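1. Following is a predicted model, sequence given first.
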Amino acid sequence: MSPNTAVQFKAQATRLAADLEHRQWIFKALRGYEAKRDECKARFQNWEGARQAAAEIKYDTLNHLDRYLEQFVHHLESRGARVHWAADARAAREIILDLARQNQVRFIIKSKSMTSEEIHLNEALEAGGFEVFESDLGEYIVQLRQEPPYHIVFPAMHLKRGQISEVFQQKLQAEPVTDPEALTMIARRVMRQKFCQADMGISGVNFGVAENGMISITENEGNARLTTALPRIHVALMGIEKLVRTMDDLALLLPMLATAGAGQWLTGYNTLYGGPRLAGESDGPEQFHVVLLDNGRTRLLADAEQRDVLHCIRCGACLNVCPIFRNVGGHTYGTTYQGPIGSVLTPHLRGLREWKHLSYASSLCGACTETCPVKIDLAHHLLHNRRNAVQAHPPFFERLAFAGFQVMMRHPALYRLGTTLARWLQPLHGLVQGTALDPARAWTRSREAPRLARESFHAWWKKHRRTTSPS
Ligand code: SF4
């Protein structure tokens, strides 16, 4: 990623925040979500209690991750699955590329997986000479447009029907139609063929269950089932934090994921996978591989202050309510994970120095914290990232400003002189406000400069001391 990410982010955010059509479209795409989510929340006997229980499940699992991972792997291997450990993105790509090469794979079909986006798997597979097709409709559309997903859960939410039709006409020589069903049928016809051609199916994992070594995939289109069942090899890519302890945990987390993520009681298809086809079974893959990805997760786990970021179940709810996301959209972030969770997580995955700017792109309104089904205090984590960034690389001008402030605060005469001067000079500020000569330009370009009181409290106190002092 280019070292200019902060500059690019600012430029694109400024442009998109002023693009009223884009903003309106995002608002329209999310209209109804909150009402549906609240309706589903009301079906829980106690949504707040469920949030607390979900947070505790994740807390306990991560506190004993070593033990639960061992249990999970043991059950998987006992059913003939092969488990691979990947320390980082490169290792994970290499494992999957090797599997494809060793098995003379040509066509690969994928179901939706943000973890595969995180490791840039498609690019690596294509560079390795493999043809890769996304089977999730939204992912397929953005793949055809050669762009990354716009949202963790709704990858193509930024596109209007006409734009989807255009891309189908250009890339698939389809008829110009805008009816959603007709558009889906176009993709479906292409996709069915790819399912039959594919030698390898790659999926993500929503949850891994330690007590029985099953992986859980939740989806609305049924394409993940075809991706995992039709090709002769199934590779599941899973971040190590996706683990839960038991099926009971899953029974709580699946409806919570559906409710928070899409305002559904339950996602359309919820499937558990546990190994390759057994003797006598008529379908399922001949080989079943699970790639367990670290890629910075254990580093985050070691951070007592921020480890609960790993509780995230990738529901995307924090994006949906974030005023920044709703104004600047998903592509502006330039990361795999957008919105509040992306702003918190990305510096841990890709480096704080280069990605700290995302933690400043927040109003700190706390809507993300309020909505998170596993109670991650995102707003505070954004502040933690900011503090850590400043501690690691204190900005020169900020240090200078605070050193000056410190000197003033230690010398009352200097403080009084400074504030008197500022009071005199403030009326002149209007002459340079917003121009290159304005020392407070970064602030005043889009906001009013705060007005200083006409007299200091000190002066006021001196004047009124006699009248306010007890007699
Ligand atoms: S941080 Fe919370 S709200 Fe945001 S995606 Fe993760 S689980 Fe969902």
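-> Happy to help now that I have it.

2. where in the protein is pLDDT low?
-> 1-4, 466-471 (pLDDT under 70).

3. what about the strands in it?
-> For the chain, the strands defined by DSSP state E occupy 82-86, 107-110, 131-134, 200-203, 207-209, 214-219, 233-239, 243-244, 269-273, 287-293.

4. ok, the closest residue to Pro373 other than its chain neighbours - contacts?
-> Leaving aside its sequence neighbours, Pro373 sits nearest to Ala260 (Cβ to Cβ, 6 or more residues apart in numbering; 4.1 Å). The C-beta positions use only the backbone N, C-alpha and C, and glycine is treated the same way. Residues counted as contacts of Ala260 (Cβ atoms under 8 Å, 6 or more residues apart in numbering) are 37, 315, 317, 371-373.

5. one step back: quick check: which of the strands of the chain is buried the most?
-> strand 200-203 (a mean of 28; mean count of other Cβ atoms under 10 Å).

6. what are the pairing partners of that one, and which direction each?
-> Applying DSSP bridges, strand 200-203 is found paired with strand 107-110 (parallel), strand 233-239 (parallel).

7. Of the ones you listed, which is nearest the ligand?
-> The ligand sits nearest to strand 233-239 of all those, at 12.2 Å, using Cβ to the nearest ligand atom.

8. any idea of the angle the closest one forms with strand 82-86?
-> Interaxial angle, strand 233-239 versus strand 82-86 (axes from the mean of the first three to the mean of the last three Cα atoms, to 10 degrees): 40 degrees.

9. List of residues touching strand 233-239?
-> 92, 96, 99, 103, 105, 113, 115-116, 118-119, 121, 199-205, 208, 215, 227-228, 273, 276, 285-293, 295, 297.

10. Show me what the biggest helix by length in the chain is packed up against.
-> In the chain, with assignment by DSSP state H, the single longest helix is helix 412-432. If you count contacts as 3 or more Cβ pairs under 8 Å, 6 or more residues apart in numbering; DSSP states H and E, helix 412-432 packs onto helix 396-410.

11. check contacts around Ser116.
-> 110, 122, 202, 204, 237.

12. most centrally placed residue in this protein?
-> The centroid of the chain falls nearest to Tyr337 when counting by Cα atoms, centre = their mean (2.8 Å).

13. Tell me how far it lies from the ligand.
-> 8 Å (Cβ to the nearest ligand atom, to the nearest Å).

14. next one: Ser113
-> Ser113 sits 15 Å away from the ligand, going by Cβ to the nearest ligand atom.

15. What's the local residue count around the residue nearest to that residue when sequence neighbours are not counted?
-> Excluding its sequence neighbours, the residue lying closest to Ser113 (Cβ to Cβ, 6+ apart) is Gly204, at 2.8 Å. Gly204 has 23 neighbouring residues, counting by other Cβ atoms under 10 Å.

16. Not including adjacent chain positions, what is the nearest residue to whichever residue of the stretch 51-200 of the chain sits closest to the ligand?
-> Among all residues of the stretch 51-200 of the chain, Ile152 sits closest to the ligand, at 6.3 Å; criterion: Cβ to the nearest ligand atom. Residue nearest to Ile152 in three dimensions, not counting chain neighbours: Gly316, with 4.1 Å by Cβ to Cβ, 6+ apart.

17. Neighbours of that neighbour, how many?
-> Applying other Cβ under 10 Å, we find 25 residues neighbouring Gly316.

18. my read: it touches Val153, true?
-> Yes - applying Cβ atoms under 8 Å, one finds Gly316 in contact with Val153, separated by 3.8 Å.

19. and the strands paired with strand 200-203 as JSON lines, adding distance to Thr61?
-> Listed next are the strands paired with strand 200-203 as JSON lines, based on distance: least, Cβ to Cβ, whole Å:
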{"stretch": "strand 107-110", "distance to Thr61": "27"}
{"stretch": "strand 233-239", "distance to Thr61": "13"}
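
20. ok, now which ones touch Ser456?
-> Contacts of Ser456 (Cβ under 8 Å, 6+ apart): 416, 419.

21. Could you rerun that using 6 Å?
-> Thr419 (Cβ atoms under 6 Å, 6 or more residues apart in numbering).

22. Next up, phi/psi of it, please.
-> Torsion angles at Ser456 (phi, psi; degrees, to the nearest 10) stand at phi -80, psi 160.

23. how close does it get to Arg416?
-> According to Cβ to Cβ, to the nearest Å, Ser456 stands 7 Å off from Arg416.

24. what do you get for Ala13?
-> 40 Å.

25. More neighbours: these two, which one.
-> A direct count of neighbours by other Cβ under 10 Å for Ala13 and Arg416 places Ala13 higher, at 18 against 14.

26. And the nearest residue to Met238 once chain neighbours are set aside, how close does it get to Asp283?
-> Nearest non-adjacent residue to Met238, counting by Cβ to Cβ, 6+ apart: Val205, 3.8 Å away. Distance of Val205 to Asp283, computed by Cβ to Cβ: 20 Å.

27. Which one of these two is surrounded by more residues?
-> The neighbour count for Val205 versus Asp283, taken as other Cβ under 10 Å, is higher for Val205 (22 against 7).

28. can you narrow the contacts of Ala260 to ones near the ligand?
-> When contact is defined as Cβ under 6 Å from any ligand atom, the contacts of Ala260 meet the ligand at 315, 317, 371-373.

29. on that earlier part again, quick check, nearest of the contacts of Ala260 to Leu382?
-> Cys372 (12.8 Å; Cβ to Cβ).

30. if I pick the residue nearest to the centre of the chain, what's in contact with it?
-> Residues near Tyr337 by Cβ under 6 Å, 6+ apart: Leu345.

31. rewinding a little: turn the contacts of Ser116 into CSV, including distance to the ligand.
-> Shown next, in CSV, are these (distance: Cβ to the nearest ligand atom, whole Å):
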residue, distance to the ligand
Lys110, 21
Asn122, 22
Ile202, 22
Gly204, 14
Leu237, 18
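
32. now, the most widely separated pair of those?
-> Distance extremes for these: the farthest pair is Asn122 and Gly204 at 12.9 Å, using Cβ to Cβ.
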